[in-house]
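> structure of the sequence below:
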Amino acid sequence: MLERLACRCEGCDRRLNDERRMLSFERGGHVRNAYECPCGAVTITVTRG
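Next up, the predicted model:
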């Protein structure tokens, strides 16, 4: 199941990859990434670092 997980835009369901990542930082043991989609939506992900 985990191999099918993907970062997708909540606005248009487009797949978001490293090319769309605009910001990444680590804080408190977690990595936060911000992705900007061509549709204008911004998606934030948080993962354990």
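
> so which strand or helix has the residue lying closest to Phe25 once chain neighbours are set aside?
Setting aside the residues directly before and after it, Phe25 is nearest to Arg32 in space (CB to CB, 6 or more residues apart in numbering), at 5.7 Å. (Glycine included, C-beta is placed from N, CA and C.) For Arg32, the host element (DSSP states H and E) is strand 30-36.

> which positions in that strand come out as buried?
In terms of neighbour count (16 or more other CB atoms under 10 Å), strand 30-36 has its buried residues at Asn33, Tyr35.

> which other helices and strands does it contact?
When contacts are defined as 3 or more CB pairs under 8 Å, 6 or more residues apart in numbering; DSSP states H and E, strand 30-36 packs onto strand 21-27, strand 42-48.

> so what's the residue count around Thr43?
18 (other CB atoms under 10 Å).

> enumerate every residue touching it.
Listed by CB atoms under 8 Å, 6 or more residues apart in numbering, the contact set of Thr43 reads Cys7, Arg8, Cys9, Glu10, Leu16, Ala34, Tyr35, Cys37.

> for the nearest residue to Gly11 once chain neighbours are set aside, give me its contacts.
Excluding its sequence neighbours, the residue lying closest to Gly11 (CB to CB, 6+ apart) is Ala41, at 3.3 Å. Ala41 sits next to Cys9, Glu10, Gly11, Cys12 when contact means CB under 8 Å, 6+ apart.

> give the contact list for the first one.
Yep, that's Cys9 we're talking about. Residues in contact with Cys9 (CB under 8 Å, 6+ apart) are Arg15, Leu16, Tyr35, Cys37, Cys39, Ala41, Thr43.

> before I go, just wanted to say thanks for your time.
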